[in-house]
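**Student:** using only what follows, build the 3D model:
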Amino acid sequence: MTQAAAETLSSKLKTIIRDVPDFPKKGIVFKDITPLLADQAAFAGMVKHFAGQFSKAGITKVLGIEARGFLLAAPIAMELGAGLIPVRKKGKLPYKTVAASYALEYGTDTLEMHADAVKPGEKVLIVDDVLATGGTAGAVCSLVEKLGGEVTGIAMLIELEFLNGRAKLAGRPIYSLIKY
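**Tutor:** Alright, predicted model coming up:
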């Protein structure tokens, strides 16, 4: 996809995603992607766009971060012919896990993934809906790397540039479609 086509897709998706003020806390404007998920053509276009960005990267696993990241990562994994790794909040996975804590723009939390989810040398694409402060993505990168995987890309639907999340992910390839 050309840069112009990506900008057209980004503009279209911005009109579909809705802002929800004061959620989950006062002063935060939540970017609600559920209208995008409900729009089959827009959702399919977004999935194909992300898969196209990483089609030549040799991705073996696509990692989705709870919960909206699951919704984006699963169809991208299918398009890429890759496996899917769910990363969940602490205590939600049934098998032996590895964990990392991180800071959100509005608190702290811990994420876990199965200890056998990534094999050494696997190329992993990390997918989530929003790159804000970079804490969540940074924690997930550390989990992948701890298990010997290579973070081949970080794909974010939305990037809140004013929060400078890229700074916590320095040296890693980051692609975001929509920037605010």
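
**Student:** from the chain's centre, how far out does the host helix or strand of residue 98 sit?
**Tutor:** For residue 98, the element it lies in under DSSP states H and E is strand 97-104. Relative to the mean C-alpha coordinate of its chain, strand 97-104 is positioned 15 Å out (Cα atoms, centre = their mean, to the nearest Å).

**Student:** over to stretch 156-174?
**Tutor:** Computed by Cα atoms, centre = their mean, the chain-centroid distance of stretch 156-174 equals 11 Å.

**Student:** list the buried residues in that stretch.
**Tutor:** Buried residues in stretch 156-174, counted by 16 or more other Cβ atoms under 10 Å: 156, 157, 158, 159, 160, 163, 165, 166, 168, 169, 172, 174. Any C-beta I mention is one placed from the backbone N, CA and C, and that applies to glycine too.

**Student:** so can I have CSV of those residues showing secondary structure, distance to residue 80 and pLDDT?
**Tutor:** Supplementary listing: the buried residues of stretch 156-174 in CSV, determined by DSSP: H, G, I helix; E, B strand; the rest coil; distance: Cβ to Cβ, whole Å; pLDDT from 0 to 100:
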residue, secondary structure, distance to residue 80, pLDDT
156, strand, 16, 98
157, strand, 16, 98
158, strand, 21, 98
159, strand, 21, 98
160, coil, 26, 96
163, helix, 28, 92
165, helix, 24, 94
166, helix, 23, 95
168, helix, 25, 92
169, helix, 21, 95
172, coil, 18, 94
174, strand, 17, 97
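
**Student:** which one of the residues you listed is nearest to residue 31?
**Tutor:** Taking Cβ to Cβ as the measure, residue 158 is the one of the buried residues of stretch 156-174 closest to residue 31, at 5.3 Å.

**Student:** give me the sheet partners of the helix or strand just after the strand holding residue 98 and which way each runs.
**Tutor:** Next along the chain after strand 97-104, taking DSSP H and E as the criterion, comes strand 107-114. Paired strands of strand 107-114, with direction, are strand 83-89 (antiparallel), strand 97-104 (antiparallel) (DSSP bridges).

**Student:** which residues are in contact with residue 177?
**Tutor:** Residues near residue 177 by Cβ atoms under 8 Å, 6 or more residues apart in numbering: 6, 9, 10, 13, 46, 49, 50, 156, 157, 158.

**Student:** what do you get for residue 37?
**Tutor:** Residue 37 touches 43, 71, counting by Cβ under 8 Å, 6+ apart.

**Student:** element containing it?
**Tutor:** Counting by DSSP H and E, residue 37 is part of helix 34-38.

**Student:** let me know the average pLDDT across that helix.
**Tutor:** For helix 34-38, mean pLDDT rounds to 98.
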